[in-house]
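Peer 1: Pasting the sequence and the predicted coordinates here, then a few questions.
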Amino acid sequence: MAIDELAAAVDGLPLVDHHVHGALRGPVDRAGLEGMLTESGRAIPGWMTQFDSQLGFAVRRWCAPVLGLPTHAEAADYVARREELGVQEVTRRLLAASGVEHFLVETGYEGDAILSPAEMAAAAGARADEVVRLETVLEDLARSGVGAGELPARFPEVLAERTVDAVGLKSIVAYRFGFDFDPQRPSTSEVVAAAGRWLRTGGRVDDPVLLRFLLWTGVDRGLPLQLHAGYGDPDIELHRCDPALLTGFIKLVEPHGTDLLLLHCYPHHRNAGYLAQVFPHVYFDVGLAVNHTGARSAAVVAESLELAPFAKVLFSSDAWGPPELHHLGALLWRRGTQAALAQWVAAGEWSVPDAIRVARMIGRDNARRIYRLDER
Amino acid sequence: MAIDELAAAVDGLPLVDHHVHGALRGPVDRAGLEGMLTESGRAIPGWMTQFDSQLGFAVRRWCAPVLGLPTHAEAADYVARREELGVQEVTRRLLAASGVEHFLVETGYEGDAILSPAEMAAAAGARADEVVRLETVLEDLARSGVGAGELPARFPEVLAERTVDAVGLKSIVAYRFGFDFDPQRPSTSEVVAAAGRWLRTGGRVDDPVLLRFLLWTGVDRGLPLQLHAGYGDPDIELHRCDPALLTGFIKLVEPHGTDLLLLHCYPHHRNAGYLAQVFPHVYFDVGLAVNHTGARSAAVVAESLELAPFAKVLFSSDAWGPPELHHLGALLWRRGTQAALAQWVAAGEWSVPDAIRVARMIGRDNARRIYRLDER
Amino acid sequence: MAIDELAAAVDGLPLVDHHVHGALRGPVDRAGLEGMLTESGRAIPGWMTQFDSQLGFAVRRWCAPVLGLPTHAEAADYVARREELGVQEVTRRLLAASGVEHFLVETGYEGDAILSPAEMAAAAGARADEVVRLETVLEDLARSGVGAGELPARFPEVLAERTVDAVGLKSIVAYRFGFDFDPQRPSTSEVVAAAGRWLRTGGRVDDPVLLRFLLWTGVDRGLPLQLHAGYGDPDIELHRCDPALLTGFIKLVEPHGTDLLLLHCYPHHRNAGYLAQVFPHVYFDVGLAVNHTGARSAAVVAESLELAPFAKVLFSSDAWGPPELHHLGALLWRRGTQAALAQWVAAGEWSVPDAIRVARMIGRDNARRIYRLDER
């Protein structure tokens, strides 16, 4: 009875997905879909299918019924049904069934291929706000023709303009360099020199001085600052994305009052839990990993509920592209959270009201507070 | 039936808490109490309460009944009841109900605020012996006016005097520097030079040469040497407290015959289990983490029972201050141990007599052997 | 019913043990046996027995009945029964009952003490093929009197001869140096210089230039290349055996088309799962750890089924010596796999046919494909 009450509360909880990207704008074939069910970026070899993975099994189990197929539908049938329904209907069904009431959409990666925040809101019948990726703003500025000498003054201005309506910022320093950077704010002359080198060669920004300049400009901007941490595509070196490496930076940011949100963190999520316990301005989630670990996501969610006070843990899907990822991010988080809390309730360790309250904090209320969503 | 027998044996097992600090000497208000339910050291922000954490929920669940309240009592009621009973009665009840028969009390941190070993023994109706913190002995010696040139010879003498009755030593090199130090014994001239610099500036000792000098003097002293490892307050950098970083030091210590006890270790406890398997003089526990992970502590305890032979695993609470921590350290260790062992018995993998024997080894007998408690 | 079908399928699955060593050739007394139930290499102290470990308990639980003893037999009785039956009968029983149909036997460590691949095949009534250890081939070449100047050209020739019938190669760079090596192929002049130094002093090869030369010669040879990763004997430093440290090397190998197989990986197996997801030529297993974690091996197996597509995970025992290790490697892998898959089936997350198919992929079919065993 009590467990049923808990299950119903978690199932019915309107979620804030505090770090997500848009759903695909156009159709995708099987090879394209499989390529988006992995962080690999490499072509899927002919001797395997990416459907044979925890994520692939979760798609066949949980998304198939939303599209009107039996559970565990074959991959070929699933892809055929997807094409039959069309991209808009697939997206509409999967987003609506996710129960997300508010998407905080990070727009910095391949924005043309995916829905904008406004389009996400329309497709899902939900609210959507924007999170702005620092590196993309700088790369856009470079394309617009900024000089190295004016960049240190110009970037904060451009960032302020670009984020007038944003709820947060995002850094991918983990991808572009790693967390083992000098945590100090670089000097203006260092930034000018690094900008000079970078602007001559072009391409994406991966100079550590410029990445640090972006981080510190983001800190000055004052919006909650998300940092990709842990698991991601092959650009990263996983041991250099351990958020514990950020300890020095976190301490330097502390007096500035800017919140830091460590995203994903797997398999370093216990380290993130430590940081969230000891530093008042540090938060974390286990998004992305929840999707990709499928049936094992309950274990990952449970591991995220150790050291951090419950006011410091958030929900995100980190979905990009296939709306299956938006759907599963929410569904697997609900299942994992329910499983963990129900076990503690059944063992007499937690009360049902506490369990429901904690689910609400993580799934919704913490994000509303941190990003000031009630003020919008 | 067999499971009941196992549960009763673990519940009734008199424990040796091989690394603990004193319980609070005086009363504490809610803000003060919350501040001691985290390793943060920062003020708890107004938009959260530290009671909303695994540890806070465990206090409300398990300590409330010891103070005569219902399980899951509200935090405000719990704090009020605490004040009503008074510090002595709260301490007496929680310590007595912990079932600890022998506390090995580390006295080096804010000793004035907490009970001495003798007072702990009186309050709990138990035995208590002392573990001496190396860094505190050196800082006391510095305050007494030692010269840099005489320090290398004087410190071992002072340590010998200070530890005449001690059962063990403790190092916090993890806090003061990290485990990525040069494992070699420093030369006397290096120590004199480092001491000269340090004595001029004063403050706590964080010079790696001096910290290594303390470690090696501790090795020479021959008492079991405890090292804080893993999770702790914001002074640490978690990745630099991985006990695997101690491998070189462990190998150098091996011929000296001094036992090394890796404390806490979370989230690096699997690395500690490896070290305890391959080096005869290495032991470990998952104290501290067991308290702070609350309902998840059973998972942490289970993870500690992988590579290490059972003769190399110990129990500790690492409690400091609120006697809730002394109580929960023991209670959650019993619950986690029971849960793991009962699962293996139920699956037919372990026998009940083996399970009871292993619980006794970890909870009591290993510590008695290592610290020679029967000879005292 | 469905769960029974799954259990029967996993129990009856003929396995390919893709990384294993020979079973002991001769008898061993209790001290010798205990010394082989740990990676320590140190004498077991008199105040403990290695039987008091997860592995020791698993031997008494699972191997005792194969030798005609009751489950949980006392260690002394177990050793006595072992001696009574004799080494050949003990080996025959334990290997046959393992259900392994094909052993890929790595022959590079103390080959005189253990059975050859052909003898393993005969003793088990199974097939056996050879995996050749790179370091051993070089050390053999050095003993035969090669000059430093001719070594860079001579070693590939010798390796080609030595591996005419081999199915794979093995590197123990993790033991001899660690994974934090320069991933680039060393120049011929660097190799000659390093060889000159090494050939003068003799002993085992631990020069990082020579170890890299071995790796790159192995890559050129094109056979699947196994790398010890994670947990092992005290030669390793565990944090330097994190396979994430290989990211640079993995990327450089990618265009060459040689498969890399990360062995054991514990406790870094989640990092290995990440690498296996994002790099098409990377595979991994949790062998060795499955044996040594005993009743906890189910948790380790479950953790290995997170990020990696199921086509990228393999089974191995890494047994060396006592045939108990060959037996338990298979048995505990079956139990852990069954437990994980049955849980997901029971929760409605996986279908039974999918679960059986995944067990077959990991236990047998992936290895058959990677090592081209059908072509032999």
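Peer 2: Received the coordinates, thanks.
Peer 1: quick one: contacts for the residue in the stretch 251-376 of chain A positioned nearest to chain C?
Peer 2: Distances from the stretch 251-376 of chain A to chain C, computed as Cβ to the nearest Cβ, single out residue A:267 as the nearest residue at 3.8 Å. All C-beta spots, glycine's among them, are computed from the backbone N, C-alpha and C. For residue A:267, the contacting residues are A:230-231, A:238, A:289, C:270-271, C:274, by Cβ atoms under 8 Å, 6 or more residues apart in numbering or on different chains.
Peer 1: Quick one: the strands in chain A, in order.
Peer 2: Taking DSSP state E to define them, one finds strands in chain A at A:15-20, A:100-106, A:127-133, A:168-171, A:225-229, A:260-264, A:282-285, A:313-314.
Peer 1: With mean pLDDT as new columns, can the ones you listed be given to me in TSV?
Peer 2: Formatted as TSV, those follow (pLDDT from 0 to 100):
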stretch	mean pLDDT
strand A:15-20	98
strand A:100-106	98
strand A:127-133	98
strand A:168-171	98
strand A:225-229	98
strand A:260-264	98
strand A:282-285	98
strand A:313-314	98
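Peer 1: quick one: which of those is nearest residue C:203?
Peer 2: With Cβ to Cβ as the criterion, residue C:203 lies closest to strand A:225-229 of those, at 42.5 Å.
Peer 1: Just the CA atoms from the closest one would do, formatted as CSV, please.
Peer 2: Only the C-alpha atoms of strand A:225-229 are listed here, as CSV (Å, rounded to 0.1, in the frame of the first residue of the first chain):
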residue,chain,number,x,y,z
LEU,A,225,27.3,26.6,-14.8
GLN,A,226,27.0,23.0,-16.0
LEU,A,227,30.1,20.9,-16.6
HIS,A,228,30.2,17.7,-18.6
ALA,A,229,31.9,15.2,-16.4
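Peer 1: that older thread, ChimeraX command for the buried members of the contacts of residue A:267?
Peer 2: In ChimeraX syntax, the buried subset of the contacts of residue A:267 is picked out as below (16 or more other Cβ atoms under 10 Å in any protein chain shown):
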select /A:230,231,238,289 /C:270,271,274
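Peer 1: Out of the contacts of residue A:267, which is nearest to chain B?
Peer 2: Nearest to chain B, judged by Cβ to the nearest Cβ, of the contacts of residue A:267 is residue C:270 at 11.2 Å.
Peer 1: Show me where chain A dips below the pLDDT cut-off.
Peer 2: Applying pLDDT under 70 to chain A flags residues A:1.
Peer 1: Show me it divided up by domain.
Peer 2: Using the TED database, the domain ranges for chain A come out as A:1-27+A:96-371, A:29-85.
Peer 1: Including distance to residue C:115, could these go into a markdown table?
Peer 2: Output for these, formatted as a markdown table (distance: least, Cβ to Cβ, whole Å):
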| stretch | distance to residue C:115 |
| --- | --- |
| domain A:1-27+A:96-371 | 37 |
| domain A:29-85 | 33 |
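Peer 1: of all those, which gets the most neighbours per residue?
Peer 2: domain A:1-27+A:96-371 (a mean of 21; mean count of other Cβ atoms under 10 Å in any protein chain shown).
Peer 1: who does the closest residue to residue A:376 other than its chain neighbours bridge with?
Peer 2: Spatial nearest neighbour of residue A:376, chain neighbours left out: residue A:129 (6.8 Å); criterion: Cβ to Cβ, 6 or more residues apart in numbering or on different chains. In this entry, residue A:129 is beta-bridged to residue A:104, by DSSP bridges.
Peer 1: residue contacts, residue A:129?
Peer 2: Contacts for residue A:129 (Cβ under 8 Å, 6+ apart) come out as A:102-105, A:117, A:165-167, A:371, A:373, A:376.
Peer 1: ok, which residues in the stretch 151-300 of chain A are in contact with chain C?
Peer 2: A:231, A:233-234, A:237-239, A:266-267, A:289, A:292-296, A:299-300 (Cβ under 8 Å from any Cβ of the partner chain).
Peer 1: distance of the residue nearest to residue A:59 when sequence neighbours are not counted from residue A:79?
Peer 2: In space, and not counting its chain neighbours, residue A:59 is closest to residue A:324: 5.1 Å by Cβ to Cβ, 6+ apart. To residue A:79, residue A:324 is 11 Å away according to Cβ to Cβ, to the nearest Å.
Peer 1: for the closest residue in space to residue A:72 that isn't next to it in sequence, what are its contacts?
Peer 2: Sequence neighbours aside, residue C:351 is the residue nearest to residue A:72 in space, at 4.1 Å (criterion: Cβ to Cβ, 6+ apart). Contact analysis of residue C:351 by Cβ under 8 Å, 6+ apart lists A:71-72, C:345.
Peer 1: Next: residue A:302.
Peer 2: A:336, A:339-340, B:296, B:299.
Peer 1: just residue A:20 next, same as before
Peer 2: Shown in contact with residue A:20 (Cβ under 8 Å, 6+ apart): A:103-106, A:316-320, A:326, A:329.
Peer 1: Over to residue A:202?
Peer 2: Counting by Cβ under 8 Å, 6+ apart, residue A:202 has contacts residue A:142.
Peer 1: Could you check how far it is from residue A:208?
Peer 2: Distance, residue A:202 to residue A:208, by Cβ to Cβ: 18 Å.
Peer 1: all helices of the stretch 201-350 of chain A, in order?
Peer 2: A:208-221, A:247-253, A:269-278, A:289-293, A:297-303, A:323-346 (DSSP state H, counting those that start in this stretch).
Peer 1: Could you do the stretch 51-200 of chain A as well?
Peer 2: A:54-58, A:64-66, A:75-85, A:87-96, A:117-124, A:134-143, A:151-162, A:173-176, A:188-201.
Peer 1: Grab the nearest non-local neighbour of residue A:70.
Peer 2: Spatial nearest neighbour of residue A:70, chain neighbours left out: residue A:64 (6.6 Å); criterion: Cβ to Cβ, 6+ apart.
Peer 1: Is the one you found in contact with residue A:74, as I believe?
Peer 2: No. If you go by Cβ atoms under 8 Å, residue A:64 and residue A:74 don't touch, sitting 9.3 Å apart.
Peer 1: what's the closest non-adjacent residue to residue A:294?
Peer 2: Counting by Cβ to Cβ, 6+ apart, the nearest residue to residue A:294 once its immediate chain neighbours are dropped is residue A:54, at 2.9 Å.
Peer 1: Residue A:290 versus the one you found, what's the distance?
Peer 2: To residue A:290, residue A:54 is 10 Å away according to Cβ to Cβ.
Peer 1: how near is the residue nearest to residue A:70 to chain B?
Peer 2: Separation of residue A:64 from chain B (Cβ to the nearest Cβ, to the nearest Å): 32 Å.
Peer 1: Could you pull up the contacting residues of that residue?
Peer 2: Counted by Cβ under 8 Å, 6+ apart, residue A:64 has contacts A:70-73, A:78, A:81.
Peer 1: so which of the residues you listed comes closest to chain C?
Peer 2: Closest to chain C, out of all of the contacts of residue A:64 and judged by Cβ to the nearest Cβ, is residue A:72, at 4.1 Å.
Peer 1: For the closest one, list the residues it contacts.
Peer 2: Counting by Cβ under 8 Å, 6+ apart, residue A:72 has contacts A:57, A:60-61, A:64, C:350-351, C:354.
Peer 1: Residue A:9 against residue A:359, yeah?
Peer 2: Yes. Contact criterion Cβ under 8 Å: residue A:9 and residue A:359 qualify, at 6.5 Å.
Peer 1: Quick check: chain neighbours aside, which residue is closest to residue A:52?
Peer 2: Ranked by Cβ to Cβ, 6+ apart and with sequence neighbours excluded, the top spatial neighbour of residue A:52 is residue C:310, at 4.7 Å.
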